[in-house]
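Peer 1: need coordinates for the below:
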Amino acid sequence: MNAPKLVYVTLIRTTPAKLWQALTDPEFIRQYWFGHSLTSTWKEGEVIESRSPQGELDWQGRILKSIPEQEVVFTTDHRTEEPPSKVSFKIERLGTGTFPQGDAVQLTVIHEDFPEVSKIREGVSLGWPAILSSLKSLLETGKSLELGWRSDAA
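Peer 2: Numbering: from 1, shown residues only. Predicted structure coming up:
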């Protein structure tokens, strides 16, 4: 049995093109992901890697689906005994099918495929709200949130 998936929906005053760049450009990612980076060609079947601010490999995975400015889905192998989980970023301009209307983009992040007992799920459930809040702040104000990142929680 799997643990419940994590779902985060964020409305951001931006365009699909700018949000896509923010989600796929390693230099932009470092600004809101607290110094961590994601690197990939963002093409289906290609490798994706996350690195710490010191350049150490945090995790790696594979791009399962990639439609620029709309959706990207990838696996994350956290280099533990847990099986890989899956992350989806879905970008949708408001007014094209969602209930809210306006000059913004809806970003839906789904992180799933965790085992029933998962330390990875526990950790990422604390990380996603901070990352997405910092992304929203950076895109809307030009400044990311200044938050620390602790990984020594027991």
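
Peer 1: would you map the helices across this protein?
Peer 2: Per DSSP state H, the chain has helices spanning 16-24, 26-32, 119-141. These are given in chain order.

Peer 1: which one of the ones you listed lies closest to F89?
Peer 2: With Cβ to Cβ as the criterion, F89 lies closest to helix 16-24 of those, at 5.6 Å. Yep, even glycine has a C-beta here, placed from its N, CA and C like the rest.

Peer 1: quick one: contacts of that closest one?
Peer 2: Counting by Cβ atoms under 8 Å, 6 or more residues apart in numbering, helix 16-24 makes contact with 12, 14, 28-29, 32, 38, 40, 42, 68-70, 72, 89, 91, 93, 105, 107, 135, 138-139, all of which sit outside it.

Peer 1: neighbours around V117, how many?
Peer 2: 10 (other Cβ atoms under 10 Å).

Peer 1: my read: S134 touches T141, true?
Peer 2: No. Applying Cβ atoms under 8 Å, one finds S134 not in contact with T141, separated by 10.8 Å.

Peer 1: more neighbours, the two?
Peer 2: Set side by side, S134 and T141 give different neighbour counts by other Cβ under 10 Å, the larger being at S134 (19 against 10).

Peer 1: residues in contact with the more buried one?
Peer 2: Neighbour list for S134: Y32, W33, F34, S144, L145, L147 [criterion: Cβ under 8 Å, 6+ apart].

Peer 1: just give the closest residue to S125, not the sequence neighbours.
Peer 2: Of all residues beyond its chain neighbours, the one nearest S125 is L6 (5.6 Å), with distances taken as Cβ to Cβ, 6 or more residues apart in numbering.

Peer 1: okay, now L6: neighbour count?
Peer 2: Burial of L6 is recorded as 17 neighbouring residues (other Cβ under 10 Å).

Peer 1: can you give me the separation between it and V72?
Peer 2: When distance is defined by Cβ to Cβ, to the nearest Å, L6 is 17 Å away from V72.
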